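A.B. asks: just the structure for this:
(2 chains)
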Amino acid sequence: MGQSLFHKVWDAHAVRTLPSGQTQLFIGLHLVHEVTSPQAFDMLRERGLTIAYPERTFATVDHIVPTSDVVRPFADEMAEDMMIAIEENAQQFGLSFFGLDDERQGIVHVIGPELGLTQPGMTIACGDSHTSTHGAYGAIAFGIGTSQVRDVLATQCLAMDPLKVRRIEVSGTLGDGVYAKDVILNIIRNLGVKGGTGYAYEYAGSAIEAMDMEARMSVCNMSIEGGARAGYVNPDQTTYDYLRGRPYAPSGAAFDRAVSWWRSMASDADADYDDVYHLDGSALEPTVTWGITPGQALFVTEKVPALTDLPDDERDVAAEAYDYMDLKPGTAISGMPIDVAFVGSCTNSRISDLREAARVVEGYKVADGVKALVVPGSKSVLKTAEAEGLHHVFEDAGFEWRGAGCSMCLAMNPDKLQGREVCASSSNRNFKGRQGSPTGRTLLMSPAMVAAAAVAGEVIDVRGM
Amino acid sequence: MNSSVIQEVEGRAIPVRGNDIDTDRIIPARYLRAITFDGLGEHAFEDDRKSNPDHPFDDSRYQGASILIANGNFGCGSSREHAPQALMRWGIVAIVGESFAEIFLGNCTAMGVPCLTASTGEIAKIQDAAEADPQRKMTVDLKEKKLIFGDIEVDLQIAEGNRLQLIEGAWDATGMLIEGRNAVREIADKLPYVTGF
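C.D. replies: As a prediction, the model looks like this:
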C-alpha cells in the first residue's frame, strides 16, 4: 500500500515522539504577520530565548494595513503600534521582513507562493487559519496560535498529533462562470463546517487538476472553513511551471533535482485514505452563502432552505441565520440587494481573480448606491494588474482601486461595513460581524459573482451577463 | 519553563449555548489591534452581548464561573489566540463542549486551558444543571476523564496526548521542543529544501 503526500511529508519532518505521544514536527517555512506575533516575540524576550532558524521565518504586514492611505504614522494609533512592533521584532531577531516600503509586501498567503517560498513537500506554519492556502503547492500547512508561533520561533517545531486524510475527488469539468470558489463552497456545504475535524483534505480529480495554481489556492484556502486543519493538492507540472524562476525557488540544476524530489512526495497511486468523498464538478453552479457560516451556501438558482430541508443539528444555526440575515426560508438568493461589493482577501485577490472580475465589469457601471472596491492581494498583483490596465477597467466601472492588504475581509483596518449593510464578498467568512459592523451581512461568492452583483446592485447569476 | 500540572479543575459552570460559535464572536477583530493580550477579558463575546442582553457573560448569576459549557464546533474560524485569551482573562479555566475547532483547541491546550468533549445529550444535561443552579460546583477530573456534580458523573473525552500534556504539566511545549534540538538539526539536514537540493 502506498502513502499519501500527507504521510510522506509528516514522516520526513517528524523529529521524535514526545512524552505526551505527540510528534515533534519540523516546520520548513514559518510566515509571520503583525497581528498574531507581537505577544510571541514578547514571550521569547521574557524567557531569554532566541530564534532557532531565523532564515526559515519571513515576516510581512497585511491585516492592519490601510488600503487607501499608508502614510506613517497611521491614523489608527493601535495599528501604528503593531507596525512598529513587527518592524522592531524583525530587526531585533534578524528576520527577513517585507514591510510597507518593500515591493514584496502583501497578504502573507499571497506572497509566500509568489516569491517561491512555498514549495511542495514542505511543512509550513503561520499564525493565521488560512495558512492551508499553501497546500495548493503540495505543502502541509498549518494555521497556529500565538503560543505555537512562539514554539516555532524558538525551536522551528510544533508538537502535533497526526491527521487522518480524506481524499476529495472533484470530477468532470467546471462550467462557464463556475470557479474554484464554487467548488470549495460546495465541499463545505456538503461535508459541513466541522466535517473536516481531525482531517487533512487532499483535493484531487479532473476539475482540480485542470485548475491553475491560483485557483487551487482558493480551494485549499477555505479548508479550515470546512473544519480541516490542512488541505492540499498533489504537485504536478502546473505546480513546477509556476515555481520555475520565482525568487526563492531553486534554480538551474537544483530546480531539476527539486522537481524530482517534489514528484516523489506526491501521493502514490495506491495510497491509503481514511475517507474518500466524490463531488461532480460538472454539476456545480455559481454558489453564494446565505447565512452566517460558510456551509450555509446554495447555488445562485436556489432558494434559502427551510428548516425541514436541513439536518437536525443544523437547524438552530439556520434559525439564527434567518434572523441575522433577515431572510425568510424559500426566498430566492438571486435578487437579494447588496450595498457593498468586495473583491479581495487571501481567498481571491490574485491576478486571475482580478482578471475574471474585470472581464465581468468591463463596459458596465457599478449600480447606484453600491460601494465597490478591488483590493489586490500583494504589491506584485497590483503592479501586474496595472500593467494590464485592469485598474482602468475597474475605475471606469466605478470601483475603488486600492492598495494591497487584507482589507474588508476582517475589519482590522479602515475598510469596514457600516450598520446592516449587505456585502457581496470574495472573502472566506460570513460570520456575524466579520466585516467590521456587528450587524453587517456577508454573502460569500467568487470574484466574478461579486463583480456581477456590483453591477446589478443585487445577487445575480454571472452566467447571464 | 515547566508549566503547571492540571489534573482537576473545580468551579461553577457557565453555559454558552449554540453551535459554530466562531472566534470572531468570542473576540471581535477590532480588539486584535494590540500588541499584548491585556484587557481582552472584558471584551469576550462583546457583540453577542450587545445584541443579547441575556447573554450568560452578563448574567449576574454566572459571575465568577470558570467552566464554560459549549455546544458543537466551538471556536471555529480564525486562529487568533486572542479568543481563548479573552475567555481565560474573563475567568474561564476549562471548557467542556460537544466539539471544538482544532486550532482553538490547540491554542487552549498551549495556554493550559483544558478542552474536553461530551455527547450532545450530556452537554444539554450539564447546561441545564448549570442554569438550574448556577452556584453548583462542578469538577472536571482530567485523570478520570469525568465531569462530576453532586452525585452525577459524566464521561468526558480528550485526546490522550493533550490529556498527558495537561496532567503532567507539559502543556507549554517550548521547553520540551528545545530539548530535541540536536534531533531537529539531524532532520533538517536531511531535507533537500534545507540543504539546497
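
A.B. asks: longest strand of chain A?
C.D. replies: strand A:164-171 (DSSP state E).

A.B. asks: if you count contacts, what does the helix or strand just after that strand end up packed against?
C.D. replies: Downstream of strand A:164-171, the first helix or strand assigned by DSSP states H and E is helix A:180-191. With contacts defined as 3 or more CB pairs under 8 Å, 6 or more residues apart in numbering or on different chains; DSSP states H and E, helix A:180-191 has these neighbours: strand A:164-171, helix A:213-221, strand A:275-280, strand A:287-289, strand A:297-299. Bear in mind the C-beta positions are built from the backbone N, C-alpha and C, glycine included.

A.B. asks: coming back round to it: list the buried ones in the longest strand of chain A?
C.D. replies: A:Val165, A:Arg166, A:Arg167, A:Ile168, A:Glu169, A:Val170 (16 or more other CB atoms under 10 Å in any protein chain shown).

A.B. asks: chain B versus the first one, what's the distance?
C.D. replies: With the distance defined as CB to the nearest CB, to the nearest Å, A:Val165 ends up 15 Å from chain B.

A.B. asks: okay, and the beta partners of that residue?
C.D. replies: When bridges are called by DSSP bridges, A:Val165 pairs up with A:Ala200.

A.B. asks: what of the fifth one?
C.D. replies: Note on A:Glu169: beta-bridge partners by DSSP bridges are A:Ala204, A:His278.

A.B. asks: ok, A:Ser235 - contacts?
C.D. replies: Small correction: residue A:235 is Pro, not Ser. A:Pro120, A:Gly121, A:Tyr137, A:Gly138, A:Trp262, A:Arg263, A:Met265, A:Ala266 (CB atoms under 8 Å, 6 or more residues apart in numbering or on different chains).

A.B. asks: find the residue closest to the fifth one in space, skipping its chain neighbours.
C.D. replies: Counting by CB to CB, 6 or more residues apart in numbering or on different chains, A:Trp262 lies nearest to A:Pro120, which is 3.9 Å off, once chain neighbours are set aside.

A.B. asks: and the stretch 351-465 of chain A, which residues reach chain B?
C.D. replies: For the stretch 351-465 of chain A, the residues in contact with chain B (CB under 8 Å from any CB of the partner chain) are A:Leu410, A:Ala411, A:Met412, A:Arg429, A:Phe431, A:Lys432, A:Gly433, A:Arg434, A:Gly436, A:Pro438, A:Thr439.

A.B. asks: correct me if wrong: the last one contacts A:Arg420.
C.D. replies: Spelled out, that is A:Thr439. Yes - here A:Thr439 reaches A:Arg420: they are 5.1 Å apart, a contact under CB atoms under 8 Å.

A.B. asks: and for residue 24, the neighbour number?
C.D. replies: Since you didn't name a chain, this refers to chain A. For A:Gln24, the count of nearby residues is 24 (other CB atoms under 10 Å in any protein chain shown).

A.B. asks: wait, chain B
C.D. replies: Neighbour tally, B:Asp24, other CB under 10 Å: 23.

A.B. asks: ok, the residue in the stretch 351-465 of chain A positioned nearest to chain B - contacts?
C.D. replies: Across the stretch 351-465 of chain A, no residue is closer to chain B than A:Pro438, which sits at 4.0 Å (CB to the nearest CB). The contact partners of A:Pro438, by CB under 8 Å, 6+ apart, come to A:Lys432, B:Pro28, B:Asp47, B:Lys50, B:Ser51.

A.B. asks: what about it, is that helix, strand or coil?
C.D. replies: At A:Pro438, secondary structure determined by DSSP: H, G, I helix; E, B strand; the rest coil is coil.

A.B. asks: roughly how far does it sit from A:Ala404?
C.D. replies: 27 Å (CB to CB, to the nearest Å).

A.B. asks: please apply the same query to A:Leu417.
C.D. replies: Distance from A:Leu417 to A:Ala404, counting by CB to CB: 20 Å.

A.B. asks: more neighbours: which of the two?
C.D. replies: Per other CB under 10 Å, whichever of A:Leu417 and A:Ala404 has more neighbours is A:Ala404, with 28 against 25.

A.B. asks: just to revisit the earlier point, pipe the helices and strands packed on helix A:180-191 into TSV and attach distance to A:Gly99 per row.
C.D. replies: What follows is the helices and strands packed on helix A:180-191, written out as TSV (distance: least, CB to CB, whole Å):
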stretch	distance to A:Gly99
strand A:164-171	38
helix A:213-221	24
strand A:275-280	41
strand A:287-289	34
strand A:297-299	37
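
A.B. asks: closest to B:Met88 out of the contacts of A:Pro438?
C.D. replies: Using CB to CB, B:Pro28 comes nearest to B:Met88 of the contacts of A:Pro438, at 17.0 Å.

A.B. asks: tell me the contacts of that closest one?
C.D. replies: By CB under 8 Å, 6+ apart, B:Pro28 lies in contact with A:Gly433, A:Pro438, B:His43, B:Glu46, B:Asp47.

A.B. asks: any part of the longest strand seen in chain B near chain A?
C.D. replies: Identified as the longest strand of chain B according to DSSP E is strand B:8-15. No - counting by CB under 8 Å from any CB, chain A is not contacted by strand B:8-15; separation bottoms out at 14.1 Å.

A.B. asks: how far off centre is that strand?
C.D. replies: 12 Å (CA atoms, centre = their mean, to the nearest Å).

A.B. asks: could you give me the average pLDDT of the helix or strand that that strand is followed by?
C.D. replies: Per DSSP H and E, the first helix or strand lying C-terminal to strand B:8-15 is helix B:23-26. Helix B:23-26 carries an average pLDDT of 97.

A.B. asks: same question, stretch A:150-169
C.D. replies: Mean predicted confidence for stretch A:150-169 is 97.

A.B. asks: what about that stretch, start to end distance?
C.D. replies: 36 Å (CA to CA, to the nearest Å).

A.B. asks: for stretch A:417-433, measure first residue to last.
C.D. replies: In stretch A:417-433, first residue to last residue: 9 Å (CA to CA).

A.B. asks: go on, stretch B:86-100?
C.D. replies: End-to-end distance of stretch B:86-100 (CA to CA): 17 Å.

A.B. asks: strands of the stretch 251-400 of chain A, start to end?
C.D. replies: Counting by DSSP state E, counting those that start in this stretch, one finds strands in the stretch 251-400 of chain A at the ranges A:275-280, A:287-289, A:297-299, A:340-343, A:371-374, A:400-401.

A.B. asks: show me what the third one is in contact with.
C.D. replies: If I follow you right, that is strand A:297-299. For strand A:297-299, contacts defined as CB under 8 Å, 6+ apart pick out A:185-186, A:188-189, A:284-290, A:304-305, A:333, A:444.
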